[in-house]
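**Student:** Quick one: sequence and predicted model below, then my questions.
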Amino acid sequence: MSYAAVHDDVHHDHKPTGIGRWLFSTNHKDIGTMYMVFALIMFFIGGAMAMVIRLELFQPGLQFVDPQFFNSMTTVHALVMIFGAVMPAGVGLANWMIPMMIGAPDMAFPRMNNMSFWILPFAFALLLSTFFMQGGAPAGGWTMYPPLVLQLGDGLPFLIFAVHFLGISSIMGAINIIATVFNMRAPGMTFMRLPLFVWTWIITAFLLIAAMPVLAGAVTMLLTDKYFGTAFFDAAGGGDPVLFQHVFWFFGHPEVYILVLPSFGIISQIIPTFARKPLFGYASMVYATASIAFLSFFVWAHHMFTAGMPLAGELFFMYATMAIAVPTGVKVFNWTATMWRGSMTFETPMLFSIGVLFMFTLGGFTGLMMGITPVDFQYHDTYFIVAHFHYVLVPGIVFGIIAGVYYWLPKWTGYMYDETLGKWHFWLSTISVNVLFFPMHFLGLAGMPRRIPDYNTQFTDWNQIISIGGLAFGLSQLILVWVVIKCVRGGEKATDQVWEGAHGLEFTLPSPPPFHSFTTPPKVTEAMAHS
Amino acid sequence: MSVDKLKKAMCGVLAVALYLASGTVFAALTDMPLNLTRGVTETSQRVYDLHMIILYIVTVIGIIVFGVMCWSIFHHRKSKGAVAAQFHHSTTAEIIWTIIPIIILVAMAVPATKTLVFMEQTSDAEMTLKVTGYQWKWRYDYLEEGVTIWSALHEDSNKARQRDPSIDPETVENYLLEVDNPIVLPVDTKIRILTTADDVIHAWWVPALGWKRDAIPGFITDNWTNIKEPGIYRGQCAELCGRDHAFMPIVVHAVPKAEYVAWIETQKAEQAASAASANKTFTKDELMRKGEQIYTTQCAACHQAEGQGIEGVFPSLVGGAIATGPAADHIDIVLNGKNLMPAFKEQLNDAELAAVITFERNKWGNYEKITAKGHADVVQPADVKATR
């Protein structure tokens, strides 16, 4: 290496120091780290709310909280987990990994990147401040259905502006990802050579741009209904309360895939690495992901079958929903075929990915069941749906994110994490998550409605088991924090490739990678991309 | 990976499988609730059968898919000396596993469509019941008979569901699933059920009837049922409707037709008597006694048992501006409502309103304040009627 090159590297690795490094950061890695840390904090705040819910539900009767506060817990738990934990974690991983995976030095719009992150703490300060306001925190469910949500006191405009801010942040993040991938790929990195994680994120970014403004529109109509005398959702003024549900779920269903697609991308990176075998059906994975995203705009009303709609509407949304099972099935089969006749080892990222494979599929089955309109009339708004979406969101999505963290943590820090602790984390999480969510299927089928702080005594036993599972799952996540802290502080040095079977540009960089990922673009060949 | 680790991994998978299996068996043995009810209508039984068919189908698919995954996990591992194959696509396989799911889905869609079409046939009903959701009770109108029933959480459940309850929830029969006035419906009758709401969205759900339907303010949706067996069927509101969403159950007494006709006649007579009472003048004691009952069922959910309310949400009635102000203002707000306060003019008759207003004006030390200000302490049905 010539002197000039060395000098250049040193110059570019000159990091800003102190608080300014983080406040004014334009570096994709630092911003990615901030996103991940923020998501982790929110995961524990949302988790604490879940603990309050499970504590109150441990036995019949009201022991700890007022029903109104209980409703606030379920509402804010969902908002915090979706918008504060899962989405920022996905964006954080995208920030860290996409430039490294496509051979770019950084994201396309570094300053916008900074802004899209720093909006988040303010948005959540707005949202969480409502707990101290007249009328309390939002308690009408995260879906914010009018007219109920309009009964909220001073917290309503704060809720709405928080949602606006979150939307702006997400849209900026999405624009950045699209601009980065479209313009900053290394020579030879064609679209059909992109790692699956990058593909799932492009598709997610387009979903974000299409869906978030719809949500912003819906909540703005709530704002004008409450304060400016409009009657979009007020039947007495010629409006329609169900209109909100249609608009909300037109956002809400793509949102489901905004949450899950990055997780699909992550395990599509991990499974080939630990199976030491190329991803099966790369092209069909890309097309399946795109099909799922496309179909997600035509199934929204399956969230509101019980609101009542014409038979033709019910049939259309039932068939469209069932159709999503086809591309989703293709993905599951492709992952299975990737493992088939591989040479597998089971480090923590692989364990979590296999966890996703099994438990997301389980959530997919119940999803299919609920797509069948006539039976959904029984399942809807019971613990069966709570079981379904928690299976998809926790062992489906959160496990995927955790798998990604374990997979890339040695790359980020330069040190291997503690494998024994990682395995403990996986097994405790997997057992407790099933104790937590599986019995919810039974409760829902037996007739326990969701969003209730108190229940008939026949439901006591399962609720106690669920609460114990919940506590165990929550505590197990502290292991993750300990593993990350321990890994950041030191340990066995990680190699550049980190994992024996790892491929991809991020594994050609040193561990930890330089501050600016690729200052000279690498050359990508077909063999490098699909091996 | 060593044999030791393999054993560990297998133990883990086995533990999960055992947990699921043993949980199910344990629950079945100990009467813990597990599955959907088969219900007592043609609809609910078709829905149940459909549910079971789909459950069996996904279980079989699950066993096959998870079986393949497990086989691969146990056999294709590096520690067993597996050498990775390098294949990365197979058009044939991909076509097969796209086509087969489509066939299975079509097979599911056929019975689902049939059931749905069956459920949507709301015509040819022999009677109509209109259900209106309120925060937090139900109003039922037997449209042909002109009978109205208000149905709210039963008193025992209501006491047991308070913080620091005076009754232990465990001792209450049908805790949270009992109401003060259950509705009565005839068996073997096609009943059209209209749902709507007065304030926010609720959902009317009796699992044994096989469906739930949102009750939406400004909308009337129609459904139907035809109950085959006499019995008592219980359900709950199934759409979050505010603080006391969990506390507005539904109880349906399905009875033979003759019994239903007799019940309707009794209801008509009671309503006539109650209408007549609106012209009477009561003593203060009578009003206070009746008022206390009404307060407990209608007002205590928000304003609390001792009238103290909940700060920032539900105003206190103890020495409150309205409760100790002019009687006309007090009557007006109870009749017409304001913000979160519902209008009671439809829900209660003049005698009941007079009783509950009198109760509030004399309880919790309000009597002293009212007399000091020189306002009326007793409200008679005639006063309410004049304000209407």
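**Tutor:** Yep, that arrived. Since we're looking at a predicted model, the values are computed, not measured.

**Student:** Show the pLDDT at B:Ser166.
**Tutor:** Note on B:Ser166: pLDDT of 86.

**Student:** For the nearest residue to B:Asp244 once chain neighbours are set aside, the count of nearby residues, please.
**Tutor:** The shortest distance from B:Asp244 to any non-neighbouring residue, by Cβ to Cβ, 6 or more residues apart in numbering or on different chains, is to B:Trp136 (3.9 Å). Yep, even glycine has a C-beta here, placed from its N, CA and C like the rest. When neighbours are defined as other Cβ atoms under 10 Å in any protein chain shown, B:Trp136 has 23 of them.

**Student:** who touches B:Trp136 in this structure?
**Tutor:** Applying Cβ atoms under 8 Å, 6 or more residues apart in numbering or on different chains to B:Trp136 gives the contacts B:152-153, B:237, B:241-245, B:247-248, B:301.

**Student:** Show only the entries of those residues found in strands.
**Tutor:** B:Cys237 (DSSP state E).

**Student:** For the closest residue in space to B:Ala152 that isn't next to it in sequence, grab the count of nearby residues.
**Tutor:** Using Cβ to Cβ, 6+ apart and skipping residues adjacent in sequence, the residue nearest B:Ala152 is B:Lys137, 3.8 Å away. B:Lys137 is flanked by 25 other residues according to other Cβ under 10 Å.

**Student:** So B:Lys137 is in contact with B:Ser151, correct?
**Tutor:** Yes - using Cβ atoms under 8 Å, B:Lys137 is in contact with B:Ser151, at 6.3 Å.

**Student:** ok, how many other residues are close to residue 169?
**Tutor:** Answering for chain A, as no chain was given. Around A:Ser169 there are 23 other residues, counting by other Cβ under 10 Å.

**Student:** I was after chain B.
**Tutor:** Neighbours around B:Pro169, by other Cβ under 10 Å: 22.

**Student:** Pop out the phi and psi values for it.
**Tutor:** Main-chain torsions, B:Pro169, degrees, to the nearest 10: phi -50, psi -30.

**Student:** For A:Leu194, see how far away it is.
**Tutor:** Separation of B:Pro169 from A:Leu194 (Cβ to Cβ, to the nearest Å): 57 Å.

**Student:** In chain A, what residue comes closest to chain B?
**Tutor:** A:Ala235 (2.0 Å; Cβ to the nearest Cβ).

**Student:** Backbone dihedrals for the nearest residue to that residue once chain neighbours are set aside, please?
**Tutor:** Spatial nearest neighbour of A:Ala235, excluding adjacent residues (Cβ to Cβ, 6+ apart): B:Gly218 at 2.0 Å. Main-chain torsions, B:Gly218, degrees, to the nearest 10: phi 90, psi -10.

**Student:** for A:Trp424, same thing?
**Tutor:** Here is the backbone geometry of A:Trp424 (degrees, to the nearest 10): phi -60, psi -50.

**Student:** Tell me, what's the model's pLDDT at it?
**Tutor:** Per-residue confidence (pLDDT) for A:Trp424: 97.

**Student:** B:Lys268 now?
**Tutor:** Model confidence at B:Lys268, given as pLDDT, is 93.

**Student:** same question, the one 4 residues further on
**Tutor:** Among the per-residue scores, B:Ala272 shows a pLDDT of 86.

**Student:** Flag the helix or strand of chain A with the lowest per-element mean pLDDT.
**Tutor:** Here the helix or strand of chain A ranked lowest by mean pLDDT, DSSP states H and E is helix A:3-12, holding a mean of 44.

**Student:** what ranges do the helices span in the stretch 1-150 of chain B?
**Tutor:** Along the stretch 1-150 of chain B, counting by DSSP state H, counting those that start in this stretch, helices occupy B:3-29, B:42-75, B:91-119.

**Student:** Can you name every helix or strand that the second one contacts?
**Tutor:** Pointing back at helix B:42-75 there. helix A:311-339, helix A:348-371, helix A:373-379, helix B:3-29, helix B:91-119, strand B:211-215 (3 or more Cβ pairs under 8 Å, 6 or more residues apart in numbering or on different chains; DSSP states H and E).

**Student:** what angle sits between it and strand B:211-215?
**Tutor:** Orientation check (axes from the mean of the first three to the mean of the last three Cα atoms, to 10 degrees): helix B:42-75 against strand B:211-215 gives 110 degrees.

**Student:** Would you indicate which residues of helix B:42-75 are buried?
**Tutor:** Across helix B:42-75, burial judged by 16 or more other Cβ atoms under 10 Å in any protein chain shown covers B:43-44, B:46-48, B:50-51, B:53-55, B:57-58, B:61, B:65-66, B:69, B:72-73.

**Student:** what residues are up against the nearest residue to A:Thr328 once chain neighbours are set aside?
**Tutor:** Leaving aside its chain neighbours, A:Thr328 sits nearest to A:Gly364 (5.8 Å; criterion: Cβ to Cβ, 6+ apart). When contacts are counted by Cβ under 8 Å, 6+ apart, A:Gly364 is found next to A:325, A:328, A:332, A:392.

**Student:** Over to A:Met189?
**Tutor:** By Cβ under 8 Å, 6+ apart, the neighbours of A:Met189 are A:102-103, A:505, A:524, A:529.

**Student:** Quick one: mean pLDDT over the strand or helix carrying A:Ile168.
**Tutor:** Assigned by DSSP states H and E, A:Ile168 belongs to helix A:155-183. The predicted model gives helix A:155-183 an average pLDDT of 96.

**Student:** cool, stretch A:56-72 as well?
**Tutor:** Averaged across stretch A:56-72, pLDDT comes to 94.
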